[in-house]
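Trainee: return atomic coordinates for the entry below.
(one chain, ligands or ions: 1)
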Amino acid sequence: MKLMVIPPPLFVLAAGPLLASCNSSGTERDFERMVNQAHYEYYEETSFFEDRRVMREPPPGTVPNDRRLGPSEILHGTASGKFVEAIPVPLSRPRMDEGRKRFEVFCAPCHGVGGDGVSVVAHNMELRKPPSLVAAPVLEYPAGRIYQAIAQGYGLMPSYGQDFSVEARWAIVAYVRALQLRTNGVAVDALPEPVRVRMQKELR
Ligand code: HEC
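Mentor: The predicted model follows:
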């Protein structure tokens with residue numbers, strides 16, 4: 001197809017009436033923009049529904065399409081209404097590294113890089129200081145309770161449920177456990193065989 005080039009003066013002549021029609025009546029042309037369309041605000045009243053509420057309840061049985069399905073101990077850190085003691089997902093070096101990365105970005109500003117509750121935020125938080133995660137009572141918490149603090153928040157601490165997948169939350173719990181071990185030490189007998197052998201050899 002051959003393009004026809006309109007010289008500028010002719011273009012103005014041709015487009016002039018079109019442009020003028022937008023504003024000829026002195027009012028803006030109505031493009032039916034969504035922001036201007038008739039709509040309800042939250043909590044407004046309506047005569048359309050019998051109960052006069054604009055906001056509707058989802059039909060019974062509706063589930064969010066992004067809801068994770070799976071065992072409660074993994075999704076919520078609880079089994080039969082009790083916190084799980086141990087971390088219910090397999091641990092690996094990459095998972096620990098992920099936990100560390102996320103802990104240092106999201107938790108350390110308040111709880112300290114070592115989890116000991118020493119941070120600038122803690123120093124300045126008057127009402128309730130972020131507690132040490134590596135001393136009692138958090139040290140004695142079952143893994144599920146730490147998981148729940150991340151997933152749902154706790155008291156003055158906001159929830160980080162939206163920020164992390166289920167796996168990432170457990171990765172953080174695992175890293176908190178590692179910090180606890182680092183701070184409080186671990187019985188030599190409790191070390192896995194290869195680590196114990198290597199340690200005993202190197203420290204001799
Ligand atoms: C904005 C600061 C802040 C950040 C960030 C923060 N916390 Fe907290 N955290 C707190 C405060 C404050 C409390 C004590 C809340 C209270 O007792 O009202 C707390 C409490 C806790 C507890 C104890 C909960 C209980 O059941 O007693 C745990 C565990 C915890 N935080 C873990 C974390 C982890 C893991 C992260 C990172 C994902 C994190 N926190 C991020 C401020 C923070």
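
Trainee: just say helix, strand or coil for the most centrally placed residue in the chain.
Mentor: Most central in the chain under CA atoms, centre = their mean is Asp163, positioned 1.6 Å from the mean C-alpha point. Classification of Asp163 by DSSP: H, G, I helix; E, B strand; the rest coil places it in coil.

Trainee: that one touches Ala151, doesn't it?
Mentor: No - if you go by CB atoms under 8 Å, Asp163 and Ala151 don't touch, sitting 10.2 Å apart. In this view, the C-beta of every residue, glycine as well, is placed from N, C-alpha and C.

Trainee: returning to that earlier point: can you pull the pLDDT of the residue nearest to the centre of the chain?
Mentor: Here, the pLDDT recorded for Asp163 equals 92.

Trainee: near the ligand, which residues of this protein are found?
Mentor: 106-107, 109-111, 121, 128, 130-131, 133, 138, 145-146, 149-150, 154-157, 160, 172, 176 (CB under 6 Å from any ligand atom).

Trainee: quick one, longest helix in the chain?
Mentor: helix 166-184 (DSSP state H).

Trainee: which residues touch the helix or strand following that helix?
Mentor: Counting by DSSP states H and E, the next helix or strand C-terminal to helix 166-184 is helix 193-202. If you take CB atoms under 8 Å, 6 or more residues apart in numbering as the criterion, helix 193-202 is touched by Val188, Asp189, Leu191.

Trainee: who wins for most neighbours among these?
Mentor: If you count neighbours using other CB atoms under 10 Å, the busiest of those is Leu191, which has 14 neighbours.

Trainee: re the thing from before, the residues of the chain next to the ligand, buried ones only, as a PyMOL selection?
Mentor: Buried subset of those, written as a PyMOL selection, criterion 16 or more other CB atoms under 10 Å:
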select buried, resi 106+107+110+111+130+131+133+138+145+146+149+150+157+160+172+176
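
Trainee: among the residues of the chain next to the ligand, which are in strands?
Mentor: Applying DSSP state E to the residues of the chain next to the ligand, no entry is found in strands.

Trainee: buried stuff in stretch 138-145?
Mentor: Here stretch 138-145 shows Val138, Tyr141, Pro142, Ala143, Gly144, Arg145 as buried, counting by 16+ other CB under 10 Å.

Trainee: for Pro64, state which of those residues is nearest.
Mentor: Among the buried residues of stretch 138-145, Gly144 lies closest to Pro64 (CB to CB), at 22.8 Å.

Trainee: tally of neighbours for Lys82?
Mentor: Close neighbours of Lys82, defined as other CB under 10 Å, add up to 11.

Trainee: state the distance from it to the ligand.
Mentor: 14 Å (CB to the nearest ligand atom, to the nearest Å).

Trainee: helix or strand for the closest residue to Ala171 other than its chain neighbours, which one?
Mentor: Spatial nearest neighbour of Ala171, chain neighbours left out: Gly99 (3.6 Å); criterion: CB to CB, 6 or more residues apart in numbering. Taking DSSP H and E as the criterion, Gly99 maps to helix 93-102.
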